[in-house]
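Enquirer: sequence and computational prediction follow.
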Amino acid sequence: MASTSTKALVLNGPKDWFDWLDGLRDLARSRRVWDLVDPEVEPDAIYELIEPEIPTIDDVVPPAAPVAAAAAAAAGPAAVPAPRPTFATLTEAQRTTFGLLQKQYAIQYAQWQARDSALQHVNDVIKATTGQHYQAYIAGVWTAYDRLRELRTRVAPVDMNRLNNARRAYRASLRDLKRTAWETWLHTWEKTFKEGERLNIPDVQGDLPVDDFLDAVSVISTGFSQFWHFTCNSKRNANEAIPSVRDIAKEWRDHMRSQRQGRGGIFDTTLQGQKPEDSAEDPRQKKCLCGDPHRFSQCPHIIPSIRPDG
């Protein structure tokens with residue numbers, strides 16, 4: 001059995017299929033054999049690894065042509081067939097050619113051997129990480145490609161189910177931030193967002209995920225959310241591209257870490273429901289970005305909804 005990581009994902013059901021296959025894909029690509037095992041490729045199109053043939057004297061001096069052989073037979077039993085060539089009978093030019101063929105074979109064989117070894121390793125990992133109740137599906141199936149094809153047919157969920165599951169998971173990840181440690185919540189959101197991108201679900205297209213993310217974090221980072229909503233809307237009004245949701249997520253991560261380390265920031269963040277600016281330990285009034293002595297969330301220059309009439 002191949003040596004595998006102690007944390008290698010085991011294929012125990014349809015829910016494991018895509019993560020399990022992703023791990024195998026990464027392994028096969030790192031060993032440069034994914035083109036030999038990709039289960040999405042049809043059997044008649046899959047690349048086959050063929051061991052190179054050892055060059056022989058016949059590759060330098062071809063055997064007698066059929067016409068010459070027929071002429072020798074017609075000459076009767078007295079005719080003596082020409083002796084087969086040997087290395088000793090080769091000309092200097094033929095020996096040079098034969099030497100080059102041998103060197104070429106040595107290179108090709110080394111390349112084949114490396115890929116064949118990598119392919120066997122991937123095959124062993126497939127066997128080792130397939131759940132016990134799925135082992136029967138690959139019994140009597142010997143190649144990595146055929147095993148993956150068999151498991152895909154038997155275990156992989158249908159595409160529509162995967163799309164629906166990804167949409168539900170992404171939408172669920174946008175909730176419950178107040179009841180979850182923010183770093184755990186962010187990791188879950190990033191994972192579901194990545195899966196949604198890979199499947200091209202509508203929820204993660206265009207600017208929609210930016211607004212979804214800012215709305216989600218507003219429950220503990222009101223000022224951060226308001227600032228970036230205002231920034232994005234201003235850019236939209238100016239027909240400029242807004243930051244990507246990944247960039248904003250990184251800004252929020254950095255902002256939350258700075259709050260945890262006590263450095264503060266320009267946003268009025270709540271950490272699991274507790275606002276730093278509400279603390280009695282820091283009664284000093286902080287200046288807004290506009291220069292006036294008030295909080296960002298109280299700035300009428302930036303937050304249109306609190307501007308006085310007129």
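Expert: Happy to help now that I have it.
Enquirer: what lies in contact with stretch 148-163?
Expert: Applying Cβ atoms under 8 Å, 6 or more residues apart in numbering, the contact partners of stretch 148-163 are 11, 13-15, 17-18, 21, 24, 37-39, 43, 126, 130, 134, 137-138, 141, 165, 199, 201. Bear in mind the C-beta positions are built from the backbone N, C-alpha and C, glycine included.
Enquirer: could you pull out the helices for the stretch 151-300 of the chain?
Expert: Assigned by DSSP state H, counting those that start in this stretch, the stretch 151-300 of the chain shows helices spanning 159-173, 182-199, 208-217, 222-237, 245-260.
Enquirer: cool, the stretch 1-150 of the chain as well?
Expert: Ranges of helices within the stretch 1-150 of the chain are 17-30, 34-37, 66-74, 92-129, 135-138, 144-154, based on DSSP H, counting those that start in this stretch.
Enquirer: elements contacting the fifth one?
Expert: In this structure, helix 135-138 makes packing contacts with helix 144-154, judged by 3 or more Cβ pairs under 8 Å, 6 or more residues apart in numbering; DSSP states H and E.
Enquirer: where does the stretch 1-150 of the chain dip in pLDDT?
Expert: Along the stretch 1-150 of the chain, the model assigns pLDDT under 70 to residues 1-7, 64-82.
Enquirer: what's the closest non-adjacent residue to residue 126?
Expert: Excluding the flanking residues, the one nearest residue 126 by Cβ to Cβ, 6 or more residues apart in numbering is residue 147, at 5.1 Å.
Enquirer: that neighbour contacts residue 122, correct?
Expert: No. The criterion here is Cβ atoms under 8 Å, and residue 147 misses it with residue 122 at 9.7 Å.
Enquirer: out of these two, which sits in the busier spot?
Expert: The neighbour comparison of residue 147 against residue 122 (other Cβ atoms under 10 Å) goes to residue 122, with 24 against 20.
Enquirer: quick check, that one in contact with residue 25.
Expert: No. The pair residue 122 / residue 25 is not scored as a contact, 9.9 Å apart, by Cβ under 8 Å.
Enquirer: list the contacts for residue 116?
Expert: 49, 51.
Enquirer: please disregard the earlier target; I meant residue 189.
Expert: Residues near residue 189 by Cβ under 8 Å, 6+ apart: 173-174, 213, 216, 249.
Enquirer: do the same with residue 229
Expert: Applying Cβ under 8 Å, 6+ apart, the residues contacting residue 229 are 211, 214.
Enquirer: same thing with the one 3 residues further on?
Expert: For residue 232, the contacting residues are 207, 210-211, 214, 242-243, taking Cβ under 8 Å, 6+ apart as the criterion.
Enquirer: 7 Å - rerun?
Expert: Taking Cβ atoms under 7 Å, 6 or more residues apart in numbering as the criterion, residue 232 is in contact with 210, 242.
Enquirer: tell me which residues touch the residue lying closest to residue 50 once chain neighbours are set aside, please.
Expert: Distances taken as Cβ to Cβ, 6+ apart put residue 112 closest to residue 50, at 7.7 Å, once the chain neighbours are dropped. Listed by Cβ under 7 Å, 6+ apart, the contact partners of residue 112 are 49, 51-52.
Enquirer: any of those buried? List them.
Expert: The neighbour-count criterion (16 or more other Cβ atoms under 10 Å) marks none of these as buried.
Enquirer: what is the nearest of those residues to residue 181?
Expert: Among the contacts of residue 112, residue 49 lies closest to residue 181 (Cβ to Cβ), at 48.1 Å.
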